[in-house]
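> Structure here, sequence nowhere to be found:
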């Protein structure tokens, strides 16, 4: 039996080959070492040394990536990776490599100079890079990351080149929205950089990180979900209030959209209302290995919307239900009601949903994905069955929340929005509780809006819209509600109000309000 060569003997043989400039033998020996211990960064470094000796060090990007993942604190790996990307004419990945390198060693003059040279080739205005990863598999998050960032141009850092990294191993939740986002941001698809960041987020320094207004990826950096939600909703309200939309659907695409809708009897002269009724089907089918039942309290029954749809049809509207998946179907036969959720087009569904939300007179939904898309076009939005109870963020938005009960006792909405907590001072605010399991453990349960609640809210909201103008003036009872939940007249609550009809119909849910004559 032949005696097996030891690791040390292989290393000694490698060093001898290196002394003799025998690059072929160096590479053979280094690869034998790596076969023994495939994740050993020292053996990977020997392979790189051998490739360098042969003048081939940047030819295998995949291998350099393996080395970087194995030894992410070695600036050499990132430098080699940047040179390999430059060799392949991929300057943005090279910039990402150098940004990580400078996070490891901010004083590395070679990295600094190469970064400066690459940025100058793009524009002389750029001096540094910031980056973030994208949440592409959920349409609500896809909508609320880059577009609000792109709108808020006054918040952008002077001289900064922003790069956003999307994973290429999963399809975006909406491919058309994803393409629109490419109009306003530099998006690089890279599984390597996406997983590099997610697996070791604190390797990237704060001054190289580009936070979104609603920054879900900051959870990788240790930010709590409560802080993300609280700050994120505040940022979105401000941005949608102060800045105009930045996404543009081209005239050619609009033409194609109307041509497609014409086959369903829908024309550009029709008054359209989009409807989304959240249920559990989408998450169950898209992510079958994850238990999403803790989200079920946000669902609603489409049967309770029937009277409102019939009302809108009587007012001359065509109502189009949108969404990606559903377990519900409404028993309503009318040429003015079309269910594009139950009968979603596999070829055109993503585009048509975006197009309809940009063109409709207003949108009715609850807190599901399309609710995050409508604000991209400043589409007036009525939230029905809103849960958890929270202030909404679209520019023109009214709502009716689900009522909340604790052990069969109605909980005051005024108390909830003023910060009432689940249980004691140490627990989270009810308005920030996104887990039905946590609610149930503390004895809380949401109750869906009734058909009467919904039709009164729809009628009220529809009357606020005329000739393309949304009447945002609050009623006396809405002003009373605003005063009850905030002493600050500029509070975001003034933008997004609970419908007057709901306030009037459920006085027990709004205890503590004082209604006065404001004339």
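Looks like it arrived, so ask away. A quick note: this is a predicted structure, and the numbers were derived from the prediction, not measured.
> where along the stretch 351-500 of the chain do the strands fall?
362-365, 381-386, 397-401, 403-406, 409-410, 444-447, 465-466, 469-470, 496-498 (DSSP state E, counting those that start in this stretch).
> CSV please, covering the ones you listed and showing mean neighbour count.
Every C-beta, even on glycine, is put in place using the N, C-alpha and C of the backbone. Conversion of these to CSV gives the following (neighbours: other CB atoms under 10 Å):
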stretch, mean neighbour count
strand 362-365, 26
strand 381-386, 26
strand 397-401, 26
strand 403-406, 19
strand 409-410, 12
strand 444-447, 17
strand 465-466, 13
strand 469-470, 14
strand 496-498, 24
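> So which of these is nearest residue 280?
Nearest of the strands of the stretch 351-500 of the chain to residue 280, taken as CB to CB: strand 381-386 at 13.8 Å.
> by contact count, what packs against the closest one?
When contacts are defined as 3 or more CB pairs under 8 Å, 6 or more residues apart in numbering; DSSP states H and E, strand 381-386 sits against strand 362-365, strand 397-401, helix 451-463.
> Sheet-wise, list the partners of that strand with their directions.
strand 362-365 (parallel), strand 397-401 (parallel) (DSSP bridges).
> one step back: using a markdown table, lay out the helices and strands packed on strand 381-386 together with distance to residue 195 and mean pLDDT.
Below are those laid out as a markdown table (distance: least, CB to CB, whole Å; pLDDT from 0 to 100):
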| stretch | distance to residue 195 | mean pLDDT |
| --- | --- | --- |
| strand 362-365 | 33 | 96 |
| strand 397-401 | 37 | 94 |
| helix 451-463 | 44 | 97 |
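> Kindly reformat these as a markdown table containing distance to residue 129.
As requested, these are exported to a markdown table (distance: least, CB to CB, whole Å):
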| stretch | distance to residue 129 |
| --- | --- |
| strand 362-365 | 37 |
| strand 397-401 | 36 |
| helix 451-463 | 44 |
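> Of all those, which one is nearest residue 212?
strand 397-401 (20.5 Å).
> contact partners of that closest one?
Counting by CB atoms under 8 Å, 6 or more residues apart in numbering, the neighbours of strand 397-401 from elsewhere in the structure are 380-387, 389, 392, 413, 449, 453-454, 457, 460-461, 464, 495-499, 501-502.
> orientation of it relative to helix 451-463 in degrees?
Computed by axes from the mean of the first three to the mean of the last three CA atoms, to 10 degrees, the angle separating strand 397-401 from helix 451-463 equals 170 degrees.
> In the chain, where is pLDDT below threshold?
1-3, 281-287, 291-294, 426, 486-496, 514-519 (pLDDT under 70).
> Could you list the domains of it?
Split into domains by automatic domain parsing, the chain comes to 127-248, 251-510.
> With distance to residue 95 as new columns, can these be given to me in JSON lines?
As requested, the domains of the chain are arranged in JSON lines below (distance: least, CB to CB, whole Å):
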{"stretch": "domain 127-248", "distance to residue 95": "5"}
{"stretch": "domain 251-510", "distance to residue 95": "28"}
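> Among these, which comes closest to residue 120?
Judging the domains of the chain by CB to CB, what sits closest to residue 120 is domain 127-248, at 9.5 Å.
> Centre of the chain to that closest one, how far?
8 Å (CA atoms, centre = their mean, to the nearest Å).
> Start and end of it, how far apart?
29 Å (CA to CA, to the nearest Å).
> Nearest to residue 29 among the domains of the chain would be which one?
Using CB to CB, the nearest of the domains of the chain to residue 29 is domain 127-248, at 27.5 Å.
> Just confirm residue 304 contacts residue 452, I think it does.
No - the criterion here is CB atoms under 8 Å, and residue 304 misses it with residue 452 at 9.3 Å.
> And the two? Which one has more around it.
residue 304 (19 against 13; other CB atoms under 10 Å).
> Give the intersection of the neighbour lists for residue 304 and residue 452.
With CB under 8 Å, 6+ apart, residue 304 and residue 452 have no common neighbours.
> residue contacts, residue 349?
Contacts of residue 349 (CB under 8 Å, 6+ apart): 324, 340.
> Run a quick neighbour tally on residue 132.
23.
> Following the chain past the host helix or strand of it, name the next helix or strand.
According to DSSP states H and E, residue 132 maps onto strand 128-133. Following strand 128-133 in sequence order, the next helix or strand is helix 139-151 (DSSP H and E).
> Tell me which of the helices and strands packed on strand 381-386 sits nearest to residue 483.
Of the helices and strands packed on strand 381-386, nearest to residue 483 by CB to CB is strand 397-401, at 17.4 Å.
> Now do that closest one: distance to the chain's middle.
That offset, for strand 397-401, works out to 22 Å (CA atoms, centre = their mean).
> next one: stretch 336-350
Per CA atoms, centre = their mean, the centroid offset for stretch 336-350 relative to its chain is 23 Å.
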